[in-house]
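Asker: Fold the following.
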Amino acid sequence: MGIPTALAVLAGARRDVLAKAPGDLPKHAAMGGVLLTTATVAGVSAFFALYSVLELPPQVCVLGGIGWAVVVLNLDRMLVVTMSRRHSLPLKIAMAVPRLLLALVIGAVISTPLVLQIFQPEIEAELKTMKANALDQWYEAQKGDDQRIDELRAKVRQLQETRDHKLPHAVDDDPDVQAAKADYDHAKQNYDQRQNEAQAELDGTGGTRRPGVGRSYLEKEKAADLAKSELDAATARLNVARTQTQTRLAAADEQAAKDAANALPAVEHDLAVQEQHRRDAQDEEQAVQNRNTGLLARLKALNRVTEGDLTAATAHWMLFLLFVCIEVLPVVAKLLSTLGPPSLYDRLTEHEDEHAYGTAHIKATSEREIIQIQADANLTEAKQKASAQVEAAKAVNEALADKRKAIALRARNEELDRLAYELDFRDFQ
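Answerer: Reported below is the predicted structural model:
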């Protein structure tokens with residue numbers, strides 16, 4: 001069997017009829033070639049789907065592609081073979097509609113992986129953008145956790161500085177020191193004023209404007225000395241307040257260092273837990289985004305690529321429709337071939353079918369007649385057997401009746417003899 005004949009048989013043609021109509025061989029061989037082409041395209045599509053989307057080994061992808069090609073070939077062959085030219089045009093169209101719809105579905109399934117493979121560079125770039133956007137959204141949603149981690153880190157640093165006595169002592173912020181400092185500042189201001197007045201009186205630049213040591217100068221000098229005593233007292237009080245505050249703060253700082261040393265491990269543990277949780281969540285999100293390269297993600301990426309881009313959208317749909325048309329082509333071609341005048345192959349096929357039907361009908365009729373004759377013969381034989389059984393039963397019954405009569409007569413005679421014997425014996429006595 002040559003290649004054209006094999007293709008014709010693949011398209012559903014009958015070799016015995018093709019032998020009588022060799023002129024129709026090219027048409028059927030072409031249909032077989034179309035079926036083989038659609039199956040090949042389907043196999044290539046399945047290979048790319050398994051290899052690029054599922055990332056399976058090439059050997060497995062090849063086997064999967066071959067298996068899918070066989071499935072599509074059988075489906076397309078079924079759609080083509082089941083279409084006949086013997087029905088009316090409306091019936092043909094009605095029968096073709098579900099086949100076309102099924103072919104469209106198959107074409108859409110086949111074309112999708114091929115379109116994705118053709119747009120793979122653009123899709124890969126868009127997938128990276130989608131991954132970055134998804135991570136940005138995730139980071140935005142994790143701001144609460146990040147803030148908590150920052151707070152724990154700041155608390156750890158504060159506790160460490162407190163433990164290591166690195167915090168500055170705010171002695172001057174103590175209320176007692178501030179009050180003593182206010183008295184000192186007031187006394188210093190008063191002393192400076194009195195000292196300046198005495199000096200001005202001595203120089204003649206102020207007061208009475210008489211230079212030299214006079215009564216006015218002595219009074220002002222006395223006031224300056226009194227202000228100096230008050231300043232010294234305020235200075236002493238300030239020093240005492242600072243010393244006391246320093247001692248108190250040192251004790252408080254020591255206690256705070258101990259408290260910080262005790263509290264630091266728990267805070268560090270909480271920080272470590274939060275940071276580990278954050279890293280685990282980030283690693284998980286990264287893994288999820290890295291795995292998000294399946295068919296659905298690629299379709300979304302393709303839609304994003306073609307959205308708003310007329311050229312890309314047109315190329316996408318043209319490629320999609322091209323592969324769909326390749327899948328629909330066998331059904332459309334078969335439908336169109338049934339609308340034209342019947343060919344020699346079609347007439348011979350119809351004649352062969354009618355001849356086969358007639359032969360089968362005659363054979364079936366003959367077999368039914370033979371069966372009927374056998375049934376009648378069996379019935380007659382059964383009737384004869386039944387009649388013979390009835391006659392035999394009658395003879396048996398008659399013989400049985402005669403025997404019963406003989407037995408009854410013998411019993412009667414015996415009874416009479418017994419009675420006669422009894423009478424004779426009675427008379428003898």
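Asker: switch to C-alpha atoms for all contacts and neighbour counts from now on
Answerer: Will do.
Asker: show me the contacts for Leu400.
Answerer: Going by Cα atoms under 8 Å, 6 or more residues apart in numbering, Leu400 touches no other residue.
Asker: now Ala261
Answerer: Taking Cα under 8 Å, 6+ apart as the test, what Ala261 contacts is Leu159, Gln160, Arg163.
Asker: so what's the second one scoring on pLDDT?
Answerer: Spelled out, it's Gln160. pLDDT, Gln160: 79.
Asker: Next secondary structure after the lowest-mean-pLDDT helix or strand in the chain?
Answerer: The helix or strand of the chain with the poorest confidence is helix 89-118; it has a mean of 70 (mean pLDDT, DSSP states H and E). Using DSSP states H and E, the helix or strand that follows helix 89-118 towards the C-terminus is helix 120-141.
Asker: tell me the angle of the one helix or strand Val305 maps to relative to helix 120-141?
Answerer: Using DSSP H and E, Val305 sits in helix 295-306. Angle, helix 295-306 to helix 120-141, by axes from the mean of the first three to the mean of the last three Cα atoms, to 10 degrees: 100 degrees.
Asker: Among the contacts of Ala261, which are located in strands?
Answerer: Residues of the contacts of Ala261 located in strands (DSSP state E): none.
Asker: Which helix in this structure has the most residues?
Answerer: Counting residues, the longest helix in the chain under DSSP state H turns out to be helix 344-428.
Asker: Can you give the distance of that helix from its chain's centre?
Answerer: 77 Å (Cα atoms, centre = their mean, to the nearest Å).
Asker: what mean pLDDT does it have?
Answerer: pLDDT averaged over helix 344-428 gives 75.
Asker: ok, now stretch 264-283?
Answerer: 79.
Asker: contacts for it?
Answerer: Asp145, Ile149, Leu152, Arg153, Lys155, Val156, Leu159, Gln160.
Asker: show me where the stretch 201-350 of the chain has helices.
Answerer: For the stretch 201-350 of the chain, applying DSSP state H, counting those that start in this stretch gives helices covering 215-291, 295-306, 310-339, 344-428.
Asker: Quick check: which of those is nearest to Met78?
Answerer: When these are compared by Cα to Cα, helix 310-339 sits nearest Met78, at 10.0 Å.
Asker: Skip the chain neighbours and tell me the closest residue to Pro57.
Answerer: Tyr51 (7.0 Å; Cα to Cα, 6 or more residues apart in numbering).
Asker: same check, this time on Ile66
Answerer: Gly43 (5.6 Å).
Asker: Can you name the residues that contact the one you found?
Answerer: Contacts of Gly43 by Cα under 8 Å, 6+ apart are Gly64, Gly65, Ile66, Gly67, Trp68, Ala69.
Asker: Which of the residues you listed fall within helices?
Answerer: Gly64, Gly65, Ile66, Gly67, Trp68, Ala69.
Asker: Reformat those residues as a markdown table; add distance to Ala180.
Answerer: Shown next, in a markdown table, are these (distance: Cα to Cα, whole Å):
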| residue | distance to Ala180 |
| --- | --- |
| Gly64 | 93 |
| Gly65 | 94 |
| Ile66 | 98 |
| Gly67 | 97 |
| Trp68 | 96 |
| Ala69 | 99 |
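Asker: Which pLDDT value belongs to Lys258?
Answerer: For Lys258, pLDDT reads 80.
Asker: Which residue comes closest to it once chain neighbours are left out?
Answerer: That would be Arg163: by Cα to Cα, 6+ apart, it lies 6.6 Å from Lys258.
Asker: Go ahead and flag the most central residue of the protein.
Answerer: Leu296 (8.6 Å; Cα atoms, centre = their mean).
Asker: What distance do you get for it to Ala30?
Answerer: As for Leu296, its distance to Ala30 is 37 Å (criterion: Cα to Cα, to the nearest Å).
Asker: Same question for Glu415.
Answerer: 110 Å.
Asker: Then Gly308?
Answerer: From Gly308 to Ala30 the distance is 41 Å (Cα to Cα).
Asker: Comparing these two, which residue is more hemmed in?
Answerer: Ala30 (16 against 10; other Cα atoms under 10 Å).
Asker: what's the angle between the host helix or strand of the more buried one and helix 344-428?
Answerer: Using DSSP H and E, Ala30 sits in helix 25-48. Relative orientation of helix 25-48 versus helix 344-428 (the same axes, to 10 degrees): 80 degrees.
Asker: average pLDDT across helix 25-48?
Answerer: Rounded mean pLDDT across helix 25-48 is 81.
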